[in-house]
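# Sequence and predicted structure below; questions after.
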Amino acid sequence: MTALYSLWVPILLSAVLVFVASSVIHMMLTSWHKADFKKVPDEDRFRQVVGALALPPGDYCVPHAGTMDEMKTSGFAQKRQQGPVLFVTVMQPGKVTMGPYLVKWFVFTIVISFLAAYVAGAALPPGAEYLRVFQLAGVTAFIGYTAAIWPFSIWYHRDWGTTIRSTIDGLIYALLTAGVFGWLWPH
């Protein structure tokens, strides 16, 4: 077992490297995630119709069934058949300020690196082999960055291409995390 306090440098450095890598992926390699969201045909009309509903920020499902029994009704089945069928997240309107998003993302990268440190530290002693540290820290980080993405394609029909691209991003983040932990593992 390796004390968690001795892993703060790899925790913070791996979080910084993941943050930088994600910035490069999303800001410089813009074509990589370009297909993640599609433009609604006749966007102006769509915005007028949906905007008139004044939906507060939140997640919505159309058609919506409040219970399993309601899902079994012919009325619900007809609505599903006719469409549209939507899963929508409504956000607060206004200017996009990236600062709060980036802070939350950086905190998330620290949390994933902390969890990788916790798992590897609980399993491995100081002086453990590079590849063993790489393996445990890497698989933990990979799970942290990618596992929650897949249910969105399974249950909510998110495009599988988006899920696979995000999983590849997560693999890159996990490899960076694993490399830092293997390199800076205490002796």
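Arrived safely, thanks for sending.
# Centroid-wise, who is the farthest residue in the chain?
For the chain, the C-alpha lying farthest from the average C-alpha position belongs to residue 74; by Cα atoms, centre = their mean, that distance is 36.0 Å.
# And the pLDDT at it?
Among the per-residue scores, residue 74 holds a pLDDT of 96.
# now swap in residue 16 and tell me
The per-residue pLDDT reported for residue 16 equals 98.
# part of a helix, is it?
Yes: under DSSP: H, G, I helix; E, B strand; the rest coil, residue 16 sits within a helix.
# Check the gap between it and residue 156 for me.
32 Å (Cβ to Cβ, to the nearest Å). To be clear about C-beta, it is placed using only N, CA and C from the backbone, and glycine gets the same treatment.
# Among the two, which residue is more densely surrounded?
Neighbour count, other Cβ atoms under 10 Å: between residue 16 and residue 156, residue 16 has more, with 16 against 10.
# so who does that one touch?
Taking Cβ atoms under 8 Å, 6 or more residues apart in numbering, we find residue 16 in contact with residue 109.
# how far away is it from residue 109?
Here the criterion is Cβ to Cβ. By it, residue 16 lies 8 Å from residue 109.
# List of residues touching stretch 136-146?
With contact meaning Cβ under 8 Å, 6+ apart, stretch 136-146 is reached by 10, 14, 111-113, 115-117, 119-120, 123-124, 166-167, 169-171, 173-175, 177-178, 181-182.
# which stretches of the chain form helices?
8-23, 43-51, 68-71, 74-82, 98-123, 130-146, 150-156, 160-184 (DSSP state H).
# Can you give the distance from the fifth one to the centre of its chain?
Centroid separation for helix 98-123 versus its chain: 12 Å, with Cα atoms, centre = their mean, to the nearest Å.
# swap in the shortest one?
When C-alpha coordinates are averaged (Cα atoms, centre = their mean), helix 68-71 and its chain have centres 30 Å apart.
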